[in-house]
Structure formats: C-alpha cells, structure tokens
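Q: What would the 3D arrangement of this be:
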Amino acid sequence: MRALVREPSPRLAEGLLTHIDRQPVDFDLARRQWDGYVGALQGFGWETVEVAPAPEHPDAVFVEDAVVWWRGRAVITRPGADERRGETAGAEAAVRELGEVLRIEAPDTLDGGDVLKIGERFYVGVGGRTTHGACKQLAALLDVEVVPVPVTKVLHLKSAVTALPDGTAVGYLPLVDDPGVFDSFLAVPEPGAEVVVLDDADRCSWRPRPRARRELFEQRGLRVVAVDISEFEKLEGCVTCLSVRLR
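A: Below you'll find the predicted structure:
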C-alpha cells in the first residue's frame, strides 16, 4: 500500500478560504502535525511517497486535490481554483511510474477532495470547485459509475462526508446538502470529516476531538487513532486532503 503525501509550504497560512474566516496559522506546529499524520500512515503499513515540494503553492499540502487514483490509473485533476493548477505537475511526476496517467480537460474542473469512492461507485461533489462536465469525464476515463452530489455548504464533498468500510456514508447533517443520495447514511453529532480508510477493517479518526464521534465509531467495531490536524482545519483541510492512498 502506497500513499502520496506532500510537505507543507512555508506559505501555508496564505491558503485559499471559501466558507470560514481566516485565522493565524502556526507553521511550525503544522509541520509537526504533518509529521504525525505521515507517521500514522506508516504505522499502519503504508509506504509514503513524497510528492516534490511546491513552496510557491500555499495549498499544495492538500495533495488529494491534484490526483484521483483508481486501480492503477491516475487521473490528474484540473483544480477549480486557478491558483492551484500549478500543483498538479508534481503529483503527475510522482505517479508516472506507478500507473497509467489520464487527465481532466478544460474547460471542466475537478478537485480530488470532491471524489468519494464507495465500493464501485464514485460520488462527486459539484457546485463548488468541481463541474458536472468533470463528472462525465471521470466516468468515461475510469469506466465507473459517477453520482453527482450537490455541495454548497463546505469546500469539498469530503469536507462534509466520508464513508465507513461497510459503505455507510458518514456526515454532519447541517453541512450535507442531500444525504438521501447515499444508499446508507449515518449522521454524526459534530462537524468535521475526519475518517480515512486504512485497510478493509479499520478506520482512523485523526483529530483528538470530538469524543462522541470517536465513541460512535468504536461502538461499530472500528479501530480509531487520533492525530491532531488543527492547523490544517484552519484552511478548510481535513484528513483525507493530506494524502492520496494508492491501492
């Protein structure tokens, strides 16, 4: 199992914001938190592949937005924010030897943070950084079923919704536009999309809080590991944004 990661830019505090107010970002703390995140991946047996640093791009640490991976194929995205399009070159270089490289073409745009894979189906958030046309392109490139999901309350679909190993979508209802689009949906008591699949049986909630959510997952028989990413949350980041898991 491999996971792409990318170290934070010294300009991290300048990252784009859409739905929250800007707060001071402690870069040294963010770097330590990133190291902890990478260490957690490695502790679960993932080989981390570092994408070349992009110090000129404040949001480059959110490497998930640059590439979508599916069964040996890498779709290089076309980010919805003009300022982020330079991030994809490094991601493409990192995956070029690992699988077939495909691309989302203009004028459509796609951020990887809008792509939630549940089983064989892709749920893709539209309305923010990602277009309906990109959904059609992704379906054709990967020969998969793509379900467009409206996103108006958060930056990306996976800022609000992730999924458990059994295929249940998980989210905080006030931030989810249409929970009915998912076959199975579990409402959680607090905001924050912080669940990442580590293997077929485990989940990782990488945030020391909130306890109620952690207990909810543990009651479902899931193993939970907490890693603080508070500085990245100030930039609308969540745990899925910080890696691309290749499997």
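Q: going forward, measure contacts between C-alpha atoms and count neighbours the same way
A: OK.
Q: List the contacts of stretch 69-83.
A: 57, 65-68, 85, 88, 91-92, 95, 98-106, 108-112, 128-130, 138, 141-142, 244-247 (CA atoms under 8 Å, 6 or more residues apart in numbering).
Q: Please export the C-alpha coordinates of that stretch as CSV.
A: What follows is stretch 69-83, C-alpha atoms only, in CSV (Å, rounded to 0.1, in the frame of the first residue of the first chain):
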residue,chain,number,x,y,z
TRP,A,69,-6.4,7.1,-8.2
TRP,A,70,-8.3,4.0,-9.2
ARG,A,71,-6.9,0.5,-9.9
GLY,A,72,-3.6,1.5,-11.4
ARG,A,73,-4.8,4.6,-13.1
ALA,A,74,-4.2,8.2,-12.1
VAL,A,75,-6.5,11.0,-13.2
ILE,A,76,-4.6,14.3,-13.0
THR,A,77,-7.2,16.8,-12.0
ARG,A,78,-7.8,20.4,-13.2
PRO,A,79,-8.4,22.3,-9.9
GLY,A,80,-11.3,24.7,-9.7
ALA,A,81,-9.1,27.5,-8.3
ASP,A,82,-6.8,29.0,-10.9
GLU,A,83,-4.2,29.5,-8.2
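Q: Enumerate the positions of the longest helix belonging to the chain that are buried.
A: Scanning the chain for the helix with the most residues, using DSSP state H, yields helix 27-43. By neighbour count on 16 or more other CA atoms under 10 Å, the buried set for helix 27-43 is 27, 30-31, 33-34, 36-38, 40-41.
Q: Mind putting those into JSON lines with pLDDT and distance to residue 190?
A: JSON lines is the format used below for the buried residues of helix 27-43 (pLDDT from 0 to 100; distance: CA to CA, whole Å):
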{"residue": "27", "pLDDT": "98", "distance to residue 190": "26"}
{"residue": "30", "pLDDT": "98", "distance to residue 190": "23"}
{"residue": "31", "pLDDT": "98", "distance to residue 190": "26"}
{"residue": "33", "pLDDT": "95", "distance to residue 190": "22"}
{"residue": "34", "pLDDT": "97", "distance to residue 190": "23"}
{"residue": "36", "pLDDT": "93", "distance to residue 190": "23"}
{"residue": "37", "pLDDT": "93", "distance to residue 190": "22"}
{"residue": "38", "pLDDT": "95", "distance to residue 190": "25"}
{"residue": "40", "pLDDT": "88", "distance to residue 190": "23"}
{"residue": "41", "pLDDT": "90", "distance to residue 190": "24"}
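Q: Take the contacts of stretch 69-83 and keep only those in strands.
A: Counting by DSSP state E, the contacts of stretch 69-83 place 67-68, 100-103, 244-246 in strands.
Q: Which one (most neighbours) among those?
A: Counting neighbours by other CA atoms under 10 Å, residue 67 leads the ones in strands among the contacts of stretch 69-83 with 30 neighbours.
Q: What does the pLDDT read for residue 54?
A: Note on residue 54: pLDDT of 98.
Q: Equivalent analysis for residue 205, please.
A: Note for residue 205: predicted pLDDT of 52.
Q: Would you agree residue 169 is in contact with residue 186?
A: Yes - Residue 169 lies in contact with residue 186 (CA atoms under 8 Å); the separation is 6.1 Å.
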